[in-house]
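1. I need the structure of the sequence given here:
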Amino acid sequence: MSLVSDCLMAFFAATGFLTLLWLAFGRLLTPPQGTSPAVVLLPAQGDGDELDLAISHLIWLQGGRITRFSIVLVDLGLTEQGRARVLALMEREPTLRFSSPEGLPQLMKKDE
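-> This next block holds a predicted model:
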């Protein structure tokens, strides 16, 4: 019985130590809070079928509070169905922004 309890104790001690190392290393890689935010330009074209998954992945990254960034959808030839999808996404995620390629410089000036 002593051998089993010693093995279990060693296993849990090693697991706890590795968990602490993992958390400390992750904290070292996290950028400082004062860093300027980035902008993710996501091309939107056609029916915008790929936008739902891409945006949900980016929102997940934002939720982790590891990085700060804005998501801008850039219209590179959306159909009417694609525009409706973008409007629905913008309703669901109010932080999303939408722009034409020509409107990007003006949008970037607004962020400054």
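
2. you'd agree H57 is in a strand?
-> No. Going by DSSP: H, G, I helix; E, B strand; the rest coil, the assignment for H57 is helix, not a strand.

3. okay, now it: neighbour count?
-> Neighbours of H57 under the rule other C-beta atoms under 10 Å: 10. No exception for glycine: its C-beta is placed from N, CA and C like everyone else's.

4. same thing with D75?
-> Neighbour count of D75, defined by other C-beta under 10 Å: 18.

5. do the same with the one 10 residues further on
-> Other residues within reach of R85, judged by other C-beta under 10 Å, total 18.

6. likewise for R83?
-> 15.

7. how far away is it from P37?
-> With distances taken as C-beta to C-beta, to the nearest Å, R83 is found 27 Å from P37.

8. now A13
-> Separation of A13 from P37 (C-beta to C-beta) stands at 41 Å.

9. now do the helices in the protein.
-> Ranges of helices within the chain are 2-29, 51-63, 80-92, 104-111, based on DSSP state H.
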